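Enquirer: Sequence and computational prediction follow.
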Amino acid sequence: MGSFAICMVIAIAIPMMLTLIVGKKKLTAGDRGIVSEVQGTASADSDEKGTNTANENIKTDNVESLNCTSDKNTLTAFLTGKVIPLKEVNDGVFSEGVMGDGVAIIPENDVLYAPADAQVTVLMDESRHACGLKLDNDMEILLHIGIDTVEMNGDGFEYLVSLDQKVKAGTPLVRFDREKIKAAGHPDVTVCIVTEEGNAKNFQFESGMHAEAGKTVFARFKE
């Protein structure tokens, strides 16, 4: 009976410890298969070529930057619309916080804006439905337009920035066609997720309000 009791303790304790350790790891963009679409930076020559190609496709006519009112420890609305918590997105990954914490906005406009001063670190050349940014405090955020919109292969999406470009809060990032997204059978709810906290801490996300792009603060944090 003594040996049996010891075996039972081991059988319970080890899986519990492994679950706690592995469970703390959040999936990154790479775990979700997003990195396979990201424009690479293998060498300086390829970087330059990729940047030139991206710039050739950028059309910023009639799209102006917003005058944001946030400070360096806040994130402002990336769209105009209703802010909802991630759990209401009804997606098996975003709603469960697998990739990180954040909020979602049901858009009323068709231009995605930068929620903070940052550098563009992720662009998806084929689908153009998402954009990754890195702030000076090493925080990394992912902006993802719609659910399963990668299946649209870029139809209805247009990048307004290039890879490695420095942007200010309120800089237009992506222009998208809401009608095409709905016609393709996808929700146009757009999420903003903190995939890497960097030097930031004590995040406070706000939802349940109507946001105005570039003005409404939806996240606060400390450094």
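Expert: Yes, it's here.
Enquirer: Let me see the backbone angles for the closest residue in space to residue 91 that isn't next to it in sequence.
Expert: What sits nearest to residue 91 in space, not counting adjacent residues and going by Cβ to Cβ, 6 or more residues apart in numbering, is residue 147, at 5.3 Å. Any C-beta I mention is one placed from the backbone N, CA and C, and that applies to glycine too. Backbone torsions of residue 147, given as degrees, to the nearest 10, read phi -110, psi 130.
Enquirer: Now do the contacts for residue 147.
Expert: Going by Cβ atoms under 8 Å, 6 or more residues apart in numbering, residue 147 touches 89-91, 94, 186-187, 189.
Enquirer: Mind checking which of those are buried?
Expert: Buried positions within those, assessed by neighbour count (16 or more other Cβ atoms under 10 Å), are 89, 91, 94, 186-187, 189.
Enquirer: what's the average pLDDT for stretch 153-168?
Expert: Averaging pLDDT along stretch 153-168 yields 97.
Enquirer: picking that back up, would TSV of the contacts of residue 147 with pLDDT, distance to residue 12 and secondary structure be doable?
Expert: As requested, these are exported to TSV (pLDDT from 0 to 100; distance: Cβ to Cβ, whole Å; DSSP: H, G, I helix; E, B strand; the rest coil):
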residue	pLDDT	distance to residue 12	secondary structure
89	94	35	coil
90	85	35	coil
91	86	33	coil
94	89	33	coil
186	96	43	coil
187	96	41	coil
189	97	41	coil
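Enquirer: Could you single out the nearest of these to residue 80?
Expert: residue 189 (13.5 Å; Cβ to Cβ).
Enquirer: Just name the closest of the contacts of residue 147 to residue 141, please.
Expert: residue 94 (13.2 Å).
Enquirer: hang on, isn't that closest one packed against residue 104?
Expert: Yes: when contacts are counted by Cβ atoms under 8 Å, residue 94 is listed as touching residue 104 (7.2 Å).
Enquirer: hang on, the earlier thing: tell me which two in the buried ones among the contacts of residue 147 are the farthest apart.
Expert: 94 and 186 (13.3 Å).
Enquirer: So what sits opposite the spatially closest residue to residue 192 that is not a sequence neighbour in the bridge?
Expert: Residue nearest to residue 192 in three dimensions, not counting chain neighbours: residue 102, with 4.9 Å by Cβ to Cβ, 6+ apart. Using DSSP bridges, the bridge partners assigned to residue 102 are residue 193.
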